[in-house]
Every structure is written in structure tokens, then in C-alpha cells.
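**Student:** Give me a model of this one.
(chains A and B)
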Amino acid sequence: MSQYYEHYRKSSIGLALIDSLDELIQSGHINPQLAMRVLAQFDMSIADALSSRVRNRANFRAHLDNYRSLDDVWTFVLSNPTFRFEHESVTADKVKIVACKARVPGEA
Amino acid sequence: MANSTVTAVYRFVIDDVITNVRRDFEDMGVDETIMHELQRSWEAKLAQAKVAAMQPAEPAAAVESYPFEEPAYEQPATTSAQSSSSAPAPAPPAAISAPASSGSAHAPTLPPLPSLPLPPVPVAPPASVPYNYRVEQTPAANLANVASTTQQGEHGNAGRPQQYAPSRKNISTPGGGRNNTNNIPQHDGPADAGELEMMSRQELDAFIEKKIQEGEGLGEMTFTLTMSDRAARKMKRDGLGLGADGFTIGQVDGDDDDNNGTEDDTGLGSDLDDSDGDMDEESDNIVLCQYDKVSRTKSKWKCVLKDGIMLINGRDYLFHKANGDFEW
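**Tutor:** Numbering: from 1, shown residues only, chains lettered A, B, ... in the order given. I've put the predicted structure just below:
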């Protein structure tokens, strides 16, 4: 079975899941092992959902404050980014981008 | 605009995860009501985060299809009692006996502590210290499970992502603990056997019972646990609670750092952690995605990103493809 990235766990939906699992562990209803299985499933589900169910395109411009490439993970810290979606644009002071290398289909 | 699809995608993810972990719950002998409780709690938290318009659909759907709110906490009493033998939450007697037994298990290691018999323990990776500390905070039953998880070694780098999310450490105990498998019992068992630890655990159990009896959610419980844990660590760092034996062991790691001439607060991190911190502290806005291409010409950067989740100004956005132009 191919590997799935785990960095989406840091998203809102991932953190919410982690919180919920955490509570169930703390209350003794599930063990950490089961929680890890759920998170592994989440890695798969979110990856599938993003690749197959999201069609939005975005463009953005920004000033690049800081960048790093480590183990095929790019991290960018941007200031004053402007994100343009099809029908709206969003600006922010700062944003951090964590990008894992896109998996080529067929490659593990 | 992009935000409207977020709800649909999140709903798909939640349903997909719940559908696919059903088997895992069965295999582990965990009651299905727990799984539904997980779903309910997950949706509630996501709605609470207000990153997407989840509120209207979520609570109604959850209640309709899974009317388990109250039973969810009672049924587990039997389930977890069968499987793990000590379920602290539901039954008051069990809750009291759980800390008591774990306390007596640690008790023998207490007396020698004041003389500070530092074992030549390999220095734990600094980032994992808080994880270990938290391992001890979980009920005794979970501790055993952590150990077994650790040995099995599944999901090898599972702990990694959580390093970036300080407040989620609890989940990563298996992953974090695996880095120094043998250290968990050594470091933390004795350390947490201090009076303060015992006190806080009993307080905690009392608090849990109260919450359960009142039928409230468990969210506040975790919060309290984290706070007391943090407070304990702060005391340790500040050198308070000198009489509490547990803290002397807790300084096994601290001592090593001191010997290296690093300050207590900053000494916890390696160079790698420091650079992570610099990058991490920058912003609450974050984009998690994959890249197809990153290229640079002089100070102009171009990148082609895909499959992204963005949290910008408290709202979530998703994209399939994104092109970025940066100037350095």
C-alpha cells in the first residue's frame, strides 16, 4: 500500500480529529493504537478527498520571507500574500506554506 | 466561494474515515457507540472552529442518525472494563483504585530519589520530553497500551506531524515515545510518582467523575489535564516543589542539558528544533499542500501546488491547483 502524507493532520479538520481522539484516550474509551489507525485512515481519506473532490484553482502572490527545503518538504513563510480564487481574493499578513512533494501516480 | 465546497469535502472525509475505521474498532473490541461518539465529537469540534460553515448541517445530522449522546458514556463502562480492566471514568471505585494501584507500583522507586541517583540514561531527544511526561498522565490502562503500541512499531513516523502542533501532543505519545522506547518507564515512572503528581491525578479523577455524572462533554477534562501537566512542568523548571521527589528525576534530562551549558528553557531544543521554531512561529495562517514544481530565477520564485488546505484568517479554503509567485 502506498504511503500517505501525514501533514494534513495539522489542518483544522485533522486537529479536530486529534482532539476528539485525545479525549477518548484520556477517558479510557480507546487506546492510542486505535487512535493511530484512525489517523492513518484520515491521511488516506483527506488525500483522496483533496485530489478527487476539490476542483478549485488558486493563484497567489507574496513576498517570500523565508524558505526551506528539507527531505522533499518545502516550507515557505510569506508576507502580505494575496490569494485569488475564482470569485474572491483573500489577503493576510503572513502565511506559512508546508508543501510535500506531490506523489507521482504509480510511485509509492 | 471556495469555502462552500469545504463543508462538503469535510463531510466526505468524516464519513469516509468513520466508515473505514469501523473494522478497526471491531477488531479492537471497542464498542460502536464510541466510534459514533468520535464522529459526533469530531464534527462538533470542527463546527466550533468555525473554519467552514459546518454548523447548520452537523449537529442535526449527528443527532438524527446517531442518538447515542448519553449512552455513549455508559456503555463504554462495560466495554472498556472488559478490555482494559481499569476504566477510570465511569465507575467511581474503579477510578480511585486506578491511581492508587499505579501509585503503589511506583512507590518502591520513590525512596532512593532524594539522593538523586541519576542513571546513565541516554539523553532523550528533547522534543520528546513533554510526550513522555504526558504518557504518565493517561490512565494506567492506556499506559500499558502505549507500551504495546510502541513495541509493535506501526506507523513509524506517526509522531512527526504533531511536533508542529504543541497542543496536540497527547495523541502522539505512541509515536513520540517510540524514539526512546526504553526511556518511558525509566524517566517518567519515578518522576511522576511525586506527591504533586498523585494529587493532581486524584483531583483529575474526581473531576472526571463529576463531569461524567453531570453528563457533560469531556472537552474540559482534557483541558484541565493539559493545564495541570503544564503547571507541573513549569514548577519543575522553576525549581519549585523542591520536596517533591518526582522532580529530581524530572531533571535528569534537565541536568544533562545544564552540563552542556545550555539554559533550561532554551536547552530543550536542538539546532534543528530551533530552526523549526523560527519557521513555525511566523504565522497562524497555514497552507498544507503538495508541490509539483518549485523553481527560482534570481529572486523570483514560482511554485505549482496542489491538493491544498489553507487556513487563512480563521477560514479554511481548499484548492486543487495553485500557482504561487513570490519575490524574495
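**Student:** and the biggest helix by length in chain B, what other elements does it pack with?
**Tutor:** Counting by DSSP state H, the longest helix found in chain B is helix B:2-27. Other elements packing on helix B:2-27 under the criterion 3 or more Cβ pairs under 8 Å, 6 or more residues apart in numbering or on different chains; DSSP states H and E are helix A:12-26, helix A:32-53, helix B:32-49, strand B:315-327. Backbone N, C-alpha and C define where each C-beta goes, glycine included.
**Student:** out of those, deepest packed?
**Tutor:** Among the helices and strands packed on helix B:2-27, judged by mean count of other Cβ atoms under 10 Å in any protein chain shown, the one packed with the most neighbours on average is helix A:12-26 (a mean of 25).
**Student:** what residues does the helix or strand of chain A with the lowest mean pLDDT touch?
**Tutor:** Every helix and strand of chain A was ranked by mean pLDDT, DSSP states H and E. The lowest is strand A:89-91, at a mean of 92. Strand A:89-91 is touched from outside by A:80-83, B:312-313, B:315, B:317, with contacts defined as Cβ atoms under 8 Å, 6 or more residues apart in numbering or on different chains.
**Student:** May I have the strands that pair with it, each with its orientation?
**Tutor:** For strand A:89-91, the paired strands and their directions (DSSP bridges) read strand A:73-84 (antiparallel).
**Student:** quick one on the thing from earlier: closest to B:D15 out of the contacts of strand A:89-91?
**Tutor:** B:Y317 (21.1 Å; Cβ to Cβ).
**Student:** Wait, that closest one touches B:M310, no?
**Tutor:** Yes. The pair B:Y317 / B:M310 is scored as a contact, 4.3 Å apart, by Cβ atoms under 8 Å.
**Student:** okay, and the common contacts of those two?
**Tutor:** A:58, A:83.
**Student:** and A:G28, what are its phi and psi?
**Tutor:** phi 80, psi 10 (degrees, to the nearest 10).
**Student:** I'd like to know how many residues surround it.
**Tutor:** 28 (other Cβ atoms under 10 Å in any protein chain shown).
**Student:** how close does it sit to B:A206?
**Tutor:** Taking Cβ to Cβ, to the nearest Å as the measure, A:G28 falls 16 Å from B:A206.
**Student:** so what's B:Q213 scoring on pLDDT?
**Tutor:** Note on B:Q213: pLDDT of 79.
**Student:** Can you tell me the element it falls in?
**Tutor:** Remark: B:Q213 resides in helix B:195-214, with elements defined by DSSP states H and E.
**Student:** Does that helix reach chain A?
**Tutor:** Yes. With Cβ under 8 Å from any Cβ of the partner chain as the criterion, chain A is reached by helix B:195-214 at B:I208.
**Student:** tell me what that helix is packed against?
**Tutor:** Helix B:195-214 packs on helix B:92-106, helix B:219-238, helix B:245-259, going by 3+ Cβ pairs under 8 Å, 6+ apart.
**Student:** CA-only coordinates of that helix in PDB, if you can.
**Tutor:** Presented in PDB, the C-alpha positions along helix B:195-214 are these (Å, rounded to 0.1, in the frame of the first residue of the first chain):
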ATOM      1  CA  GLU B 195       3.200  13.900  45.600                       C
ATOM      2  CA  LEU B 196       2.100  16.600  43.200                       C
ATOM      3  CA  GLU B 197       1.500  14.000  40.500                       C
ATOM      4  CA  MET B 198      -0.500  11.900  42.800                       C
ATOM      5  CA  MET B 199      -2.500  14.800  44.000                       C
ATOM      6  CA  SER B 200      -3.300  16.000  40.500                       C
ATOM      7  CA  ARG B 201      -4.300  12.600  39.300                       C
ATOM      8  CA  GLN B 202      -6.700  12.200  42.100                       C
ATOM      9  CA  GLU B 203      -8.100  15.600  41.600                       C
ATOM     10  CA  LEU B 204      -8.300  14.700  38.000                       C
ATOM     11  CA  ASP B 205     -10.200  11.600  38.700                       C
ATOM     12  CA  ALA B 206     -12.600  13.400  40.900                       C
ATOM     13  CA  PHE B 207     -13.100  15.900  38.200                       C
ATOM     14  CA  ILE B 208     -13.700  13.300  35.600                       C
ATOM     15  CA  GLU B 209     -16.300  11.600  37.800                       C
ATOM     16  CA  LYS B 210     -18.000  14.800  38.300                       C
ATOM     17  CA  LYS B 211     -18.100  15.500  34.700                       C
ATOM     18  CA  ILE B 212     -19.400  12.100  33.800                       C
ATOM     19  CA  GLN B 213     -22.100  12.300  36.400                       C
ATOM     20  CA  GLU B 214     -23.100  15.700  35.200                       C
END
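**Student:** and that helix with helix A:12-26, angle?
**Tutor:** Angle, helix B:195-214 to helix A:12-26, by axes from the mean of the first three to the mean of the last three Cα atoms, to 10 degrees: 100 degrees.
**Student:** In its sheet, which strands sit next to the very next helix or strand once past the least confident helix or strand of chain A, and in what direction?
**Tutor:** Next helix or strand after strand A:89-91 toward the C-terminus (DSSP H and E): strand A:94-101. Here strand A:94-101 has these sheet partners by DSSP bridges: strand A:73-84 (antiparallel), strand B:286-297 (parallel).
**Student:** Any stretches of chain A with poor pLDDT?
**Tutor:** Along chain A, the parts satisfying pLDDT under 70 run over A:1-2, A:104-108.
**Student:** what about 80?
**Tutor:** Low-confidence segments of chain A (pLDDT under 80): A:1-2, A:103-108.
**Student:** again with the stretch 101-250 of chain B
**Tutor:** Residue ranges of the stretch 101-250 of chain B with pLDDT under 80: B:101-204, B:207-208, B:211-250.
**Student:** contacting residues for the closest residue to A:A99 other than its chain neighbours?
**Tutor:** Distances taken as Cβ to Cβ, 6 or more residues apart in numbering or on different chains place B:Y291 nearest to A:A99, at 4.0 Å, with adjacent residues excluded. Taking Cβ under 8 Å, 6+ apart, we find B:Y291 in contact with A:74, A:99-102, B:303-306.
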